[in-house]
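1. I would like the atomic coordinates for the input below:
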Amino acid sequence: MISRNKNLLLGGAVSLFLLGSTVPAIALSREPSQYIAQSRTIEARSAQEKTLYLNNNRVYYYDLIATQSGTIGNVTVPVGATIEGKYVPTEGGLRYVAQNVTYGKYTYPVNAESQTLADVKDPRDTSAGSVAEDAGIGAAGGAVLGELFGGKIKVGEALGGAAAGAAVGNITADRVVVVKPDDSITLYNE
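-> Here you go, the predicted structure:
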């Protein structure tokens, strides 16, 4: 009888050990319904309340906030968890690389990243006001050159300078990744 009880206890202990080693770590939440979903991707948004204009050749450290629950590796991420990471340069823009997930007082290391967030011409440099400003500078330059070389300002020279100024402003605009506060960023397990 004692031998049988030992075997039952040993079998139970082995079962608990095996079960414990396969249960994923969970970023604990007071709301159990927040970690029911087991998606292998995480939907998140920028934790910043303003639009970010990120150069495509630099690394930026910014947090994201999980907008849907899911799993990264063996860590279940609830809605509202903070995802710590960075935007890193890649071909055609930046990608977000997640390094940690924090929820409440718990922090878990993770390994996930987004697809490429495409860069665009900086909308701050190609806006109508910015192009008009560049055109005005070009027109003034054309007028000055006309005055220097011809003594009189000709309309064609001023207009030519304006067009050149607008073109240069649009062509030389930096390429940036624009991240708005409500943009969704999908993170994938590596």
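2. mind giving me the domain split of the chain?
-> Here the chain is described, according to automatic domain parsing, as comprising the domains 22-119+180-189, 123-171.
3. of these, which shows the lowest average pLDDT?
-> The stretch with the lowest average pLDDT out of the domains of the chain is domain 123-171, scoring a mean of 55.
4. now Asp125: which helix or strand?
-> Here Asp125, judged by DSSP states H and E, is contained in helix 123-126.
5. over to Leu54?
-> Element membership for Leu54, per DSSP H and E: strand 52-55.
6. can you show me the helices along the chain?
-> 2-22, 123-126, 128-150, 155-171 (DSSP state H).
7. how about the contacts made by Asp183?
-> Residues near Asp183 by Cβ atoms under 8 Å, 6 or more residues apart in numbering: 45-46. (Glycine included, C-beta is placed from N, CA and C.)
8. ok, it to Ser46 distance?
-> When distance is defined by Cβ to Cβ, to the nearest Å, Asp183 is 7 Å away from Ser46.
9. Thr67 too?
-> 11 Å.
10. give me the more crowded residue out of these two.
-> Comparing Thr67 with Ser46 by neighbour count (other Cβ atoms under 10 Å), the higher total belongs to Ser46, at 21 against 15.
11. what's near enough to touch the more buried one?
-> When the contact criterion is Cβ under 8 Å, 6+ apart, the partners of Ser46 are 52, 62, 64-65, 179-181, 183, 185.
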